[in-house]
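A.B. asks: quick check, what structure comes out for this input:
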Amino acid sequence: RLCRQRRSPPSREILDDYRMKILQSLTLQARLMWIVLGSTAIIGGATLLLVFAISYQNKLSESEQHIRQLMDAVEYSAAIASYSSNAEIADDVIKGLMRHEALCEVHLSSNEGLHLSRSKYADLSACPITLNHALPSPFSSTDFIGNLATRVDNGIIQTRALRYAGQVALGLLALLILPSLVIWFAVSRYITRPIHAYAQQLHNIVPGSSERIATVAHSSVELDRVIHDSNFLLIGIEEMLLDERAQRSEIQSLKEQYEHLAHHDNLTGLPNRAMFNDRLAHMLVQAERYQLKGALIYLDLDKSKPVNDTLGHDIGDLLLKAVALRLLDVVRESDTVARLGGDEFVVILPALHDASADALAIAEKILHALQQPFDLGTHTVQVGSSLGIACYPEHGSDEFTLTKHADLAMYRAKQNGRNNAQLFQ
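C.D. replies: Take a look at the predicted model:
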């Protein structure tokens, strides 16, 4: 068996949320139109009902008054017919009155026994209203000699009254709609359109740009003040964003400088001990993963201390900078040259084909480069260097062992007369 599940009516919260979404989707011009139409409908509807009811009642009274005027008009002829009991005159009076479409029956009677009537319908139930008019004597207004009675067709009178009241209501409705449209057009032109133009300009402005809101057509003093204040706020936002960008740029520059100082030597710009350890660890990991060979060269300058003692530390610093540049010119782009401190340098040589032979070849280039004189301002200095070489994996497979063995090989080069390169043995 299939059971139908009755759907529960939507909750008040859902209906309120739906109404709120509809209101939010309406533009200011649409809202204004609905306000004008709603106000017109409420006020106009109440006014139309009141005018319709009044017009209807007035038309009913006017129709009844018109019939009484007709009866007053034929009063003298009807009185003559009643006084003389003249049936011919009485019949003419009745025929004249029956020409009125709203009369169902006319009855004329006299005190002398004259009774004459005419009717349009056999069934007079649709004509419940009877109007009586006493007929005075032609010779004395205080003596009444007969009676003139009419029965009114209520349906015809009501139809006329409804038609008349409807025409009045339609005319009033046109008079109400036209001013409402004029008001809506005027408010739309002089209020909502300038506000829309202002909002559109503000929406298209990129925050922080130099764009400003221009004066809109049909503006007002209040809207001009809003535009002026908005431009003032835009200037403030632009200045704030420019300051923020400058601060961010300065912070980024300082961050890069701090990162550079944290990993580079302040004097030569070469990687420092921290970056050297990171690069060496990376080289060993890559060598182990891809079965590569590498080498580590420890370098200590010969005769650098006398330069500092005789020429000063400024010349000594220039010498260290020049040594760094020559080392970078000699080694490959994939190699790493670092300064550990003082006059000690280290070179990481990754991805070597024959570690010992390739490392010795590069060491000879370094020895030759550093044997050349250094022009340091007004001074020419000539120094040498002692190099110690440790190869991976022959002389060590970890950072500590490889570094220790390269350092021992460097001290052996110093013991062998300096200005030479030694492999660890």
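A.B. asks: check which helices and strands the longest helix seen in the chain sits against.
C.D. replies: If you go by DSSP state H, the chain has its longest helix at helix 28-73. Secondary structure elements in contact with helix 28-73, counted by 3 or more Cβ pairs under 8 Å, 6 or more residues apart in numbering; DSSP states H and E, are strand 129-136, strand 144-152, helix 154-187, helix 193-204. The C-beta positions use only the backbone N, C-alpha and C, and glycine is treated the same way.
A.B. asks: winner for burial among the ones you listed?
C.D. replies: Ranked by average neighbour count under the criterion mean count of other Cβ atoms under 10 Å, the helices and strands packed on helix 28-73 are headed by strand 144-152 at a mean of 20.
A.B. asks: hmm, back to that, in TSV: the helices and strands packed on helix 28-73, plus mean pLDDT and distance to Glu394.
C.D. replies: What follows is the helices and strands packed on helix 28-73, written out as TSV (pLDDT from 0 to 100; distance: least, Cβ to Cβ, whole Å):
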stretch	mean pLDDT	distance to Glu394
strand 129-136	88	134
strand 144-152	89	134
helix 154-187	83	93
helix 193-204	82	70
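A.B. asks: as a markdown table, the ones you listed with distance to Leu311 would be great.
C.D. replies: Output for the helices and strands packed on helix 28-73, formatted as a markdown table (distance: least, Cβ to Cβ, whole Å):
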| stretch | distance to Leu311 |
| --- | --- |
| strand 129-136 | 138 |
| strand 144-152 | 138 |
| helix 154-187 | 89 |
| helix 193-204 | 67 |
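A.B. asks: for Ala338, find the nearest of the ones you listed.
C.D. replies: Nearest to Ala338 among these is helix 193-204; the distance by Cβ to Cβ comes to 54.4 Å.
A.B. asks: packing partners of the closest one?
C.D. replies: Other elements packing on helix 193-204 under the criterion 3+ Cβ pairs under 8 Å, 6+ apart are helix 28-73, helix 221-263.
A.B. asks: who are the packing partners of the shortest one?
C.D. replies: Using 3+ Cβ pairs under 8 Å, 6+ apart as the contact definition, the elements that helix 221-263 packs against are helix 193-204, helix 273-290.
A.B. asks: I'd like to know which of these lies nearest to His100.
C.D. replies: Comparing these against His100 with Cβ to Cβ, the closest turns out to be helix 193-204 (58.8 Å).
A.B. asks: between that closest one and helix 28-73, how many degrees?
C.D. replies: Our comparison of helix 193-204 with helix 28-73, counting by axes from the mean of the first three to the mean of the last three Cα atoms, to 10 degrees, yields an angle of 160 degrees.
A.B. asks: what does helix 193-204 contact?
C.D. replies: Surrounding helix 193-204, the residues in contact under the criterion Cβ atoms under 8 Å, 6 or more residues apart in numbering are 27-29, 211, 213-214, 216-220, 223, 226-227, 230.
A.B. asks: just after the helix or strand containing Glu364, pick out the following helix or strand.
C.D. replies: Remark: Glu364 resides in helix 355-371, with elements defined by DSSP states H and E. On the C-terminal side of helix 355-371, the nearest following helix or strand under DSSP H and E is strand 374-376.
A.B. asks: how about that next one: buried residues?
C.D. replies: Phe374, Leu376 (16 or more other Cβ atoms under 10 Å).
A.B. asks: quick one: strands adjacent to it?
C.D. replies: With DSSP bridges as the criterion, the sheet partners recorded for strand 374-376 are strand 379-381 (antiparallel).
A.B. asks: what is the rounded mean pLDDT of the helix or strand following the strand it pairs with?
C.D. replies: From strand 379-381 onward toward the C-terminus, using DSSP H and E, the following helix or strand is strand 384-392. When pLDDT is averaged along strand 384-392, the result is 96.
A.B. asks: mind giving me the packing neighbours of strand 384-392?
C.D. replies: Using 3+ Cβ pairs under 8 Å, 6+ apart as the test, strand 384-392 ends up in contact with helix 273-290, strand 293-302, helix 355-371, helix 399-415, strand 421-423.
A.B. asks: returning to that earlier point: quick one: closest of the helices and strands packed on helix 28-73 to Glu288.
C.D. replies: Ranking the helices and strands packed on helix 28-73 by distance to Glu288, with Cβ to Cβ as the measure, places helix 193-204 first at 59.4 Å.
A.B. asks: between the closest one and helix 154-187, how many degrees?
C.D. replies: Angle of helix 193-204 versus helix 154-187, following the same axes, to 10 degrees, is 50 degrees.
A.B. asks: any idea how far helix 193-204 is from the chain center?
C.D. replies: In terms of Cα atoms, centre = their mean, to the nearest Å, the gap separating the centre of helix 193-204 from the centre of its chain is 13 Å.
A.B. asks: extract the CA atoms of it and return them as PDB.
C.D. replies: As requested, the backbone C-alpha atoms of helix 193-204 are provided in PDB (Å, rounded to 0.1, in the frame of the first residue of the first chain):
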ATOM      1  CA  ARG A 193      18.300  57.900  -9.900                       C
ATOM      2  CA  PRO A 194      20.900  60.100  -8.300                       C
ATOM      3  CA  ILE A 195      21.300  57.700  -5.500                       C
ATOM      4  CA  HIS A 196      21.600  54.800  -8.000                       C
ATOM      5  CA  ALA A 197      24.300  56.800 -10.000                       C
ATOM      6  CA  TYR A 198      26.200  57.400  -6.800                       C
ATOM      7  CA  ALA A 199      26.000  53.800  -5.700                       C
ATOM      8  CA  GLN A 200      27.100  52.600  -9.100                       C
ATOM      9  CA  GLN A 201      30.200  54.900  -9.100                       C
ATOM     10  CA  LEU A 202      31.000  53.800  -5.600                       C
ATOM     11  CA  HIS A 203      30.700  50.100  -6.500                       C
ATOM     12  CA  ASN A 204      33.000  50.500  -9.500                       C
END
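A.B. asks: any idea of the angle that helix forms with helix 221-263?
C.D. replies: 10 degrees.
A.B. asks: neighbouring contacts of the helix or strand where Ala322 lies?
C.D. replies: Using DSSP H and E, Ala322 sits in helix 313-330. Contacts made with helix 313-330 from outside it, assessed by Cβ under 8 Å, 6+ apart, are listed as 267-270, 299, 301, 304, 307-308, 337, 339, 343, 345, 347, 362, 365-366, 369-370, 372, 374, 376-377, 379, 381, 383.
A.B. asks: go with 6 Å
C.D. replies: Outside of helix 313-330, the residues that reach it under the criterion Cβ atoms under 6 Å, 6 or more residues apart in numbering are 267-268, 270, 307-308, 337, 365-366, 369, 374, 376, 379, 381.
A.B. asks: mark which of those are buried, thanks.
C.D. replies: Thr268, Leu270, Val307, Asn308, Val337, Ile366, Ala369, Phe374, Leu376, Val381.
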